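1. Sequence and computational prediction follow.
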Amino acid sequence: MAAVAVAKSESSYGPMATLELDAALLQSQWELCDKVADYLSHIVGQLHGDPARYSNFMSVTVNELVELAFKTSAVTGPVKFELYREVGLVRIKLSFHCAADARAAICMGLDGRAQKAALAQDLGRVIINDVSRLAGFADVCQVQLAAAEEAPDGIALTAGFLWHEEQP
């Protein structure tokens, strides 16, 4: 009977929460990164058997995502954080406007091509280092990461958090 109840709850999916900030507001205070990351992590953690522990565990990866948006978003425009519940996982999607070289560096870094094609600009190297750190945390926490360019000058970063941690 318990398996049926779990299956029913996992079959429902859709939007859970949305937070949209002006890029200038996000960039005005570094501390907002922690506040936004805490907010998102607490929501993600609610689907786990031990919400507080899971939220704390995932907050490092979420914080790195938010900090990447803080560092690379354009000065104007929205930074949008969306949470979706899907079968087996929760997805956080960050969408924002950023420069073409920043988008390329993020996509290359998450795609694994960063080591083969280092960008000539300092911005690209800094972003690739940040993306490498993010990818490292995501790997340890079993988080699926993806980046996609959005027209005309935007990017969407997506992180998929498993509902249940895999047992070794």
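-> Looks like it came in fine.
2. any chance you could map the helices in this protein?
-> Listed in chain order, the helices of the chain (DSSP state H) span 2-11, 23-28, 31-45, 51-72, 100-111, 122-140.
3. Can you lay out those helices as JSON lines showing mean pLDDT and distance to Glu149?
-> C-betas here are computed from N, CA, C, even on glycine. JSON lines is the format used below for the helices of the chain (pLDDT from 0 to 100; distance: least, CB to CB, whole Å):
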{"stretch": "helix 2-11", "mean pLDDT": "37", "distance to Glu149": "31"}
{"stretch": "helix 23-28", "mean pLDDT": "90", "distance to Glu149": "17"}
{"stretch": "helix 31-45", "mean pLDDT": "87", "distance to Glu149": "23"}
{"stretch": "helix 51-72", "mean pLDDT": "85", "distance to Glu149": "13"}
{"stretch": "helix 100-111", "mean pLDDT": "83", "distance to Glu149": "5"}
{"stretch": "helix 122-140", "mean pLDDT": "74", "distance to Glu149": "14"}
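4. out of those helices, which comes closest to Val90?
-> The closest of the helices of the chain to Val90 is helix 31-45. By CB to CB, the value is 5.0 Å.
5. Any chance you could list what contacts that closest one?
-> For helix 31-45, the surrounding residues in contact (CB atoms under 8 Å, 6 or more residues apart in numbering) are 16-17, 19, 21, 25-26, 51-56, 58-59, 62-63, 65-67, 70, 81, 83, 90, 92, 161.
6. Show the buried residues in the residues you listed.
-> 16, 21, 26, 54-55, 58-59, 62-63, 65-67, 70, 81, 83, 90, 92, 161 (16 or more other CB atoms under 10 Å).
7. Which residue, other than its chain neighbours, is closest to Ile106?
-> Distances taken as CB to CB, 6 or more residues apart in numbering place Ala147 nearest to Ile106, at 5.2 Å, with adjacent residues excluded.
8. per-residue confidence at that neighbour?
-> pLDDT recorded at Ala147 is 89.
9. is it true that it touches Cys107?
-> Yes - counting by CB atoms under 8 Å, Ala147 does reach Cys107; the two are 4.8 Å apart.
10. Can you pull the residues that touch both of the two?
-> In contact with both Ala147 and Cys107: Ile155, using CB under 8 Å, 6+ apart.
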